[in-house]
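1. Model the structure of this input:
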Amino acid sequence: MRLEERLIREIPHLRRFARSLTRDAADADDLVQSVLERALGRLQLLRKPSSLRSWLFRITYNLHINERIRQRRVPIPMDPSDPALDLAVAPDQLEGLEAQGVVDALYLLPEDQRAAIILTAIEELSYKEAASVLDIPIGTLMSRLYRGRLRLRELTDGVDRGPTVLRRVK
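-> Numbers count the residues shown, from 1 in each chain. Reported below is the predicted structural model:
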C-alpha cells in the first residue's frame with residue numbers, strides 16, 4: 001500500500017487525538033488539516049514507514065503545543081452541555097452513565113497525563129511509541145500514566161485510594 005493511502009487511513013485516528021487535545025471539533029479539524037499538510041510536504045523525512053502513526057501523532061501533539069504556546073491560552077474547562085459531546089441516544093444504562101463520567105473525568109486531567117492515557121489506552125500505541133510522540137522518556141510516560149490513572153480512579157469513584165502497588169511493565 002502506498003504511503004499516501006496509509007496516511008489517509010490514519011485520518012480518523014488523528015481526528016480523535018486532535019479532538020481530545022483541543023476539546024473543540026472545529027479546532028481539531030484545523031489541527032488535522034495542518035498535520036496532513038505538514039506530513040504530505042515532509043513524507044520524504046519519514047525514516048521508517050512502519051512508524052507512520054507515531055510520526056503523525058507526534059506532529060499533531062507538537063503543532064498543538066506550539067499553538068497553545070503561541071496563543072498563551074488559559075485552559076478552558078470542558079462544557080458538559082456542549083452539543084458536540086452529546087451521545088446520539090441518551091444512555092439509560094448504568095454503563096453508559098459511567099462511561100460518560102470517565103470521559104468527563106478524563107478532561108479534568110492535566111494535558112500531559114490526558115495525552116499519555118489517550119495515546120496508550122485509546123490509540124493503542126506502545127509505551128515506546130507514545131513516549132516518542134510526546135518526546136519524553138518512557139519512564140516519564142509511565143509516571144504520567146500512573147498519576148493520570150490514579151487521578152481518574154479518584155475522580156470516578158470519589159475515593160482517594162492512596163498509594164497502590166506498582167507492577168513491572170516490559
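2. rest of the way, CA atoms for contacts and neighbours
-> Will do.
3. What residues sit buried inside the lowest-mean-pLDDT helix or strand in the chain?
-> One helix or strand of the chain scores below all others by mean pLDDT, DSSP states H and E: helix 94-106, with a mean of 77. Neighbour counts over helix 94-106 (16 or more other Cα atoms under 10 Å) mark Q100, V102, D104, A105, L106 as buried.
4. Output the helix or strand just after it in CSV with nothing but the alpha carbons.
-> Going down the chain from helix 94-106, the next helix or strand is helix 111-117, by DSSP states H and E. What follows is helix 111-117 as a C-alpha-only set of coordinates in CSV (Å, rounded to 0.1, in the frame of the first residue of the first chain):
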residue,chain,number,x,y,z
GLU,A,111,-3.0,17.8,29.4
ASP,A,112,0.2,15.8,29.7
GLN,A,113,-1.5,13.0,31.7
ARG,A,114,-4.5,13.0,29.4
ALA,A,115,-2.4,12.8,26.3
ALA,A,116,-0.4,9.8,27.7
ILE,A,117,-3.6,8.0,28.6
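5. Following element in sequence after helix 111-117, please.
-> Assigned by DSSP H and E, the successor of helix 111-117 is helix 127-134.
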